[in-house]
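>>> my questions are about this predicted structure, shown below with the sequence.
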Amino acid sequence: MKRSQVNEIMLQADEFIRSFGFVLPPFAYWSPRQMQQQRQSISGIVDARLGWDITDYGKGDFDNLGLFLFTMRNGSLEDLKRGGGKCYAEKIMISRKHQMSPMHRHIVKAEDIINRGGAKLALKLYNSLPDGSIDKKSDVTVATDGVLRTQPAGDVLRLDPGESVTLLPGNWHAFWGEGGDVLIGEVSTVNDDLTDNIFAEPLGRFSRIEEDAEPRHLLVSDYPDWLS
C-alpha cells in the first residue's frame, strides 16, 4: 500500500467512526513526531501495540481484500498465562462493502465480534479438525448475544447492527460488509497479531508500505522503525 492511501483511509475511517458517536482516544491523533517526543511515557501504547492498523494482507487490493482496525486497549500475554491481571483487548474495525477479511482462526484468542452500526456484517464460519485445518462437514454452533445458533459448515451468519457473535479459538471465520460499510467492535482476550492469526491461505497480516508521503499517524507496524 502507498502511504498516501493509508493517510486517506485514516481520514475516512475517523469520519465514519465519528458518524456513530464513537471517538478514538487522544493518542490516535498524535503525529509521528509527538509520539517520538513522548516515547519514554508511552510504553503502554507501544508495547501493547495500540493504535492504527490498516492491512491489505500483502495483496495490494485493499478495496476487495483488507480491513481497518484500531486497537484501543490490550493486556499482556504474561497476565493471560498466569490467569490474572489485564487479560482483555478491545478494537474498533471497519469492513467496507464486500471487502473481505480472509478466512482465519486464532490459537489463543476468544472474541466477541459486534456489529456497531451500518450495514449487515456477514461471517462465513467453519469448525477446526483436530490438526487445526478447516472442517468442511460438521455443523457450526456459536453464541449470538448468548443465544446458541447452529448452521451448516460454510454457511454465512448475518448480524444486524447491535448483534454480536462469540468466536472461540479454532472457529474459522471470514467476514465482510454486506450491502454497505460496517462499524465493528471486537472485545477479546489478549490480542497478539504477530503470532495468533492462522490464515487458510498464505497471507501477510501487515501491509508493505510504499513511502510516497509523510505518515499522518503511525501504524502499529511502524513502531519498530519509528519508536525503537
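Everything's here; your move.
>>> helices or strands up against the longest helix seen in the chain?
Taking DSSP state H as the criterion, the chain has its longest helix at helix 3-18. Here helix 3-18 touches strand 51-55, strand 67-74, strand 88-95, strand 172-189, going by 3 or more Cβ pairs under 8 Å, 6 or more residues apart in numbering; DSSP states H and E. From N, CA and C alone the C-beta is placed, and that goes for glycine too.
>>> residues in contact with whichever helix or strand comes after the second one: which ones?
From strand 67-74 onward toward the C-terminus, using DSSP states H and E, the following helix or strand is helix 77-82. Residues external to helix 77-82 that are found in contact with it (Cβ atoms under 8 Å, 6 or more residues apart in numbering): 85, 86, 87, 108, 189, 190, 192.
>>> what's the answer for stretch 128-138, then?
Residues outside stretch 128-138 that contact it (Cβ under 8 Å, 6+ apart) are 103, 105, 126, 127, 153, 154, 170, 171, 172, 198, 200.
>>> swap in 10 Å and give it another go.
The contact list for stretch 128-138, computed with Cβ atoms under 10 Å, 6 or more residues apart in numbering, reads 103, 105, 107, 126-127, 152-154, 168-172, 198, 200.
>>> just the buried ones from these?
With burial judged by 16 or more other Cβ atoms under 10 Å, the buried subset of these is 103, 105, 126, 127, 153, 170, 171, 172, 198.
>>> between the residues you listed, which is closest to residue 38?
Nearest to residue 38, judged by Cβ to Cβ, of the buried ones among the contacts of stretch 128-138 is residue 198 at 34.9 Å.
>>> please report the distance of the closest one from residue 211.
According to Cβ to Cβ, to the nearest Å, residue 198 stands 30 Å off from residue 211.
>>> what do you get for residue 60?
As judged by Cβ to Cβ, residue 60 and residue 211 stand 15 Å apart.
>>> settle it for me: which of these two has more neighbours?
When residue 60 and residue 211 are compared for neighbours, residue 60 comes out ahead with 13 against 9, by other Cβ atoms under 10 Å.
>>> quick check: closest non-adjacent residue to that one.
residue 1 (7.0 Å; Cβ to Cβ, 6 or more residues apart in numbering).
>>> surely the one you found touches residue 65?
No - the criterion here is Cβ atoms under 10 Å, and residue 1 misses it with residue 65 at 11.6 Å.
>>> residue nearest the middle of the chain, spatially speaking?
Centroid-nearest residue in the chain, with Cα atoms, centre = their mean: residue 69, separated by 4.8 Å.
>>> check contacts around it.
If you count contacts by Cβ under 10 Å, 6+ apart, then residue 69 has 13, 51-55, 91-95, 101, 184, 186, 191, 193, 219-220 around it.
>>> so which of the buried ones among the contacts of stretch 128-138 are in strands?
Among the buried ones among the contacts of stretch 128-138, the ones falling in strands (DSSP state E) are 103, 105, 126, 127, 172, 198.
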